[in-house]
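K.L.:
Please find the sequence and the predicted model below.
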Amino acid sequence: MKAIFLLIILAVSMLIALVIQDFLPSPTLLKGAHIVLLPILFAYGALVLPFPAMLVLAIIAGGLTDLSVPQIVNAKVEIGLGSSIIIYAVLGTIMQGVQKAFFRGAWWLHPPLSALCTFLLLTLQYLMIALRRESIFFNETVIWKILIPTIIAFFLSPLIEALFILIERALPNLQRPPRGY
């Protein structure tokens, strides 16, 4: 029962995070890179939710990601609807493998997994666009637009984890084993 409440809270939080990240300005210091919050929330959800709930969260996160950034150029779809769902599902399945360590108190797993999720999502989206355009090139802008959100995700994830730990403690039906912190 607690997993359902947490899934609903994470889904609503993802929707709110999507709105927030769209309204955050991109500082000129970051050279056009944007802060991406959905992979951070998904990484936390993948670490705390059971597998079926994580798959539902992957569908929600991937659907929101694909619908928020449509890549259509000259009536040609560059990032297909559903591709991010597959990316999130694969990453979530991998993260489920370290879930027991996370429950035993390995809180430090969330920041690198959030960074990995952000990095792979942005990199794979870039590669999908590049392959559709039949030209792969790397320059400073591409690197900045992938690495800066990854670094930001690494540093924001402990704050988001702390917030959700407080939310989890307020939820009824604690059926999950207590964490080591």
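P.N.:
Structure's in. What do you need?
K.L.:
Let me know the average pLDDT across the helix or strand containing L116.
P.N.:
For L116, the element it lies in under DSSP states H and E is helix 110-133. Per-residue pLDDT values across helix 110-133 average out to 89.
K.L.:
which parts of it are buried?
P.N.:
110-111, 113-122, 124-126, 128 (16 or more other Cβ atoms under 10 Å). Every C-beta, even on glycine, is put in place using the N, C-alpha and C of the backbone.
K.L.:
what's the burial count for G80?
P.N.:
For G80, the number of neighbouring residues by other Cβ atoms under 10 Å comes to 12.
K.L.:
before we move on, what about A106?
P.N.:
16.
K.L.:
what angle sits between the longest helix seen in the chain and helix 110-133?
P.N.:
For the chain, the longest helix by residue count, based on DSSP state H, is helix 140-170. Between helix 140-170 and helix 110-133, the angle formed by their directions is 140 degrees, by axes from the mean of the first three to the mean of the last three Cα atoms, to 10 degrees.
K.L.:
now for helix 140-170, which elements pack on it?
P.N.:
Other elements packing on helix 140-170 under the criterion 3 or more Cβ pairs under 8 Å, 6 or more residues apart in numbering; DSSP states H and E are helix 2-23, helix 38-48, helix 110-133.
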